[in-house]
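>>> Build me a structure from this.
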Amino acid sequence: MQPENAAYKSVFESIWKIEKTVLETVDFSQAAKQVVNIVFTELGYNNYGYQAIVLTLLDEEKKVLRRIAISNTEDAEKFLRETPIPFNDIIIPLWAEQNLSVRAINERKMFVTENVAEIFIPAVDREWVDQFQMVLKTKTAIVYPVIAKDKILGALIFTLTKSESEMKEVEWQILESFVGAVGIALDNALLFKSVKDQEESLKVANERLKELDKMKDEFLSIASHELRTPMTIVKDYVSVMLNDKGISQENREMLEKVFVSTQRLIALVNDNLDVSKIESGTMQFEPTEFDISKLAFEVKDELTEKYTKKKQKVEVQVGNYNVKADRNKIHQVLMNLIDNAIKYSPDNGLIEVTFMQIENTLVTTIFDNGSGIKPENMSKLFQKFERVGDANTQQTIIGTGLGLYLCKMIVEKSGGEIRAESEEGKGTKFIFTLPAV
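So this is what the prediction gives:
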């Protein structure tokens with residue numbers, strides 16, 4: 001094999017090593033360090049007069065070039081020990097057009113110099129660099145712009161103990177190949193760094209959001225507890241006053257409004273407390289075996305005043321349909337769903353509650369013959385604080401916007417699922433499942 005061919009084969013292998021290093025190294029600084037060391041080793045620096053390789057990165061925001069990596073060699077170590085400015089503090093402003101690294105990235109071409117100070121000014125004193133160059137016996141410095149996808153990323157600097165005239169054509173070609181590989185590797189490393197930084201930023205933001213959400217839940221819980229007691233007292237006093245037959249009709253009507261409004265506030269407080277508990281994982285579930293059809297009849301009785309006022313019929317399927325769940329929580333689910341059906345159904349409407357066991361699952365369906373729900377509103381049904389209006393009148397049902405969200409959370413915590421089916425003008429079905437026994 002010809003020496004040139006062997007050299008090119010070595011370059012291809014080296015390029016693969018560079019890419020592999022970047023892909024396997026998460027830390028950006030470590031990846032940059034390993035890349036320059038691979039290039040330096042593969043150049044056979046002991047035999048070809050290479051002293052050090054320095055990789056600089058363009059900081060577009062601050063308009064400067066920063067040193068980010070230097071090869072591990074004896075001369076490089078000597079420089080790091082003696083330099084009057086720490087390596088990473090050697091920053092070259094882009095206005096310093098006398099600096100060859102700046103010229104390389106501005107003009108997008110390679111530069112060669114016998115005066116090493118031209119790659120350090122104005123960051124490091126020229127006199128010190130000249131003296132140190134004599135100590136290291138450096139004859140040449142080569143600066144290449146590092147480019148990837150037509151974007152300038154920085155510059156790659158080589159220092160050598162031989163002159164430009166001693167370099168062969170194949171050596172220049174190999175250097176250009178390495179610079180191109182470093183450009184691709186640096187671009188990938190910066191991409192990985194950007195993704196990692198964004199992930200870290202999102203992680204911090206997510207932790208902060210969790211903290212704020214927890215604080216919000218704690219505030220709502222405390223506020224709800226503090227509000228529920230006085231509102232309950234107000235409701236009780238108003239109830240006593242309404243039982244007084246001596247009050248005027250005008251005062252009675254005002255007290256009834258106060259009573260209804262207080263009930264709504266208490267319902268809002270209770271819903272907020274339940275949401276806070278279930279989302280924080282503090283809500284207690286006590287599963288027992290019970291007949292869900294009997295529970296549905298109880299809920300029907302509790303809502304008698306509401307559906308009789310609208311001259312509606314509520315039919316509950318009779319039978320033995322046993323489930324295992326927290327009875328009080330499922331009572332809350334049925335109360336919410338049947339109450340919603342009454343609200344959405346027209347006068348003289350029909351609400352049906354049916355049950356069907358499929359293997360180990362009990363399916364409960366609450367159907368109303370109201371005007372249905374618009375297709376675009378279906379996805380909002382089980383979301384927190386969403387209230388869906390009537391399909392025909394577009395009237396929003398008064399409520400907390402938490403009822404269906406709580407139903408979903410309770411059913412899922414009980415080992416079941418809940419969904420809705422609706423067609424405009426043909427009513428709505430709410431269907432939920434529970435473990436059957």
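
>>> tell me the domain boundaries of this structure?
When the chain is parsed with automatic domain parsing, its domains come out as 3-193, 202-280, 288-435.

>>> Spell out the residue ranges of the strands in this structure.
Counting by DSSP state E, the chain has strands at residues 50-59, 64-70, 91-93, 111-113, 140-148, 151-160, 288-291, 313-316, 322-325, 350-358, 361-368, 418-422, 428-435.

>>> Of all those, which one comes closest to residue 236?
Relative to residue 236, the nearest member of the strands of the chain by Cβ to Cβ is strand 313-316, separated by 28.9 Å. Bear in mind the C-beta positions are built from the backbone N, C-alpha and C, glycine included.

>>> In terms of pLDDT, where does the residue nearest to residue 108 when sequence neighbours are not counted sit?
In space, and not counting its chain neighbours, residue 108 is closest to residue 145: 5.4 Å by Cβ to Cβ, 6 or more residues apart in numbering. Note on residue 145: pLDDT of 93.

>>> Residue 145 reaches residue 155, doesn't it?
Yes - taking Cβ atoms under 8 Å as the definition, residue 145 is a contact partner of residue 155 at 5.7 Å.

>>> who's more crowded, the two?
A count of neighbours by other Cβ atoms under 10 Å puts residue 155 above the other of residue 145 and residue 155, at 28 against 22.

>>> distance of the residue nearest to the more buried one when sequence neighbours are not counted from residue 64?
Closest residue to residue 155 apart from its sequence neighbours, by Cβ to Cβ, 6+ apart: residue 101 at 4.3 Å. Residue 101 sits 11 Å away from residue 64, taking Cβ to Cβ, to the nearest Å as the criterion.

>>> Comparing those two, which residue is more hemmed in?
Between residue 101 and residue 64, counting by other Cβ under 10 Å, residue 101 is the more crowded of the two (27 against 18).

>>> wait, what's in contact with that one?
56, 65, 92, 119, 143, 155, 157 (Cβ atoms under 8 Å, 6 or more residues apart in numbering).

>>> Looking at those, which is nearest residue 245?
After measuring the contacts of residue 101 against residue 245 - Cβ to Cβ - the closest member comes out as residue 65, at 91.6 Å.

>>> So that closest one is in contact with residue 100, correct?
No - contact status for residue 65 versus residue 100: not in contact, 10.8 Å apart, counting by Cβ under 8 Å.

>>> Let's see if you can find the most crowded of the contacts of residue 101.
So for the contacts of residue 101 (other Cβ under 10 Å), the most neighbours sit at residue 155, 28 neighbours.

>>> List the beta-bridge partners for that one.
Beta bridges link residue 155 to residue 56, residue 145 when assigned by DSSP bridges.

>>> okay, and for the stretch 1-150 of the chain, where does confidence drop off?
1-28, 44-47 (pLDDT under 70).

>>> And for the stretch 201-350 of the chain?
In the prediction, the stretch 201-350 of the chain carries residues with pLDDT under 70 at positions 216-228.

>>> let's see 80
210, 212-229, 231, 263-264, 266-282 (pLDDT under 80).

>>> What ranges does the stretch 1-150 of the chain have for its helices?
3-24, 28-42, 45-48, 74-82, 100-107, 126-136 (DSSP state H, counting those that start in this stretch).

>>> what's the neighbour count on residue 311?
Neighbourhood size, residue 311 [other Cβ under 10 Å]: 10.

>>> The spatially closest residue to residue 263 that is not a sequence neighbour: how many residues sit nearby?
Spatially, and ignoring its direct neighbours in sequence, residue 263 is nearest to residue 235 (6.6 Å; Cβ to Cβ, 6+ apart). Neighbour count for residue 235, taken as other Cβ under 10 Å: 18.

>>> Equivalent analysis for residue 210, please.
For residue 210, using other Cβ under 10 Å, the count is 10.

>>> which residues do residue 145 and residue 155 both contact?
Joint contacts of residue 145 and residue 155 (Cβ under 8 Å, 6+ apart) are 104, 105.

>>> Residue 413 reaches residue 287, doesn't it?
No - contact criterion Cβ under 8 Å: residue 413 and residue 287 do not qualify, at 10.3 Å.

>>> residues in contact with the residue nearest to residue 263?
Contacts of residue 235 (Cβ under 8 Å, 6+ apart): 259, 262, 263, 266.
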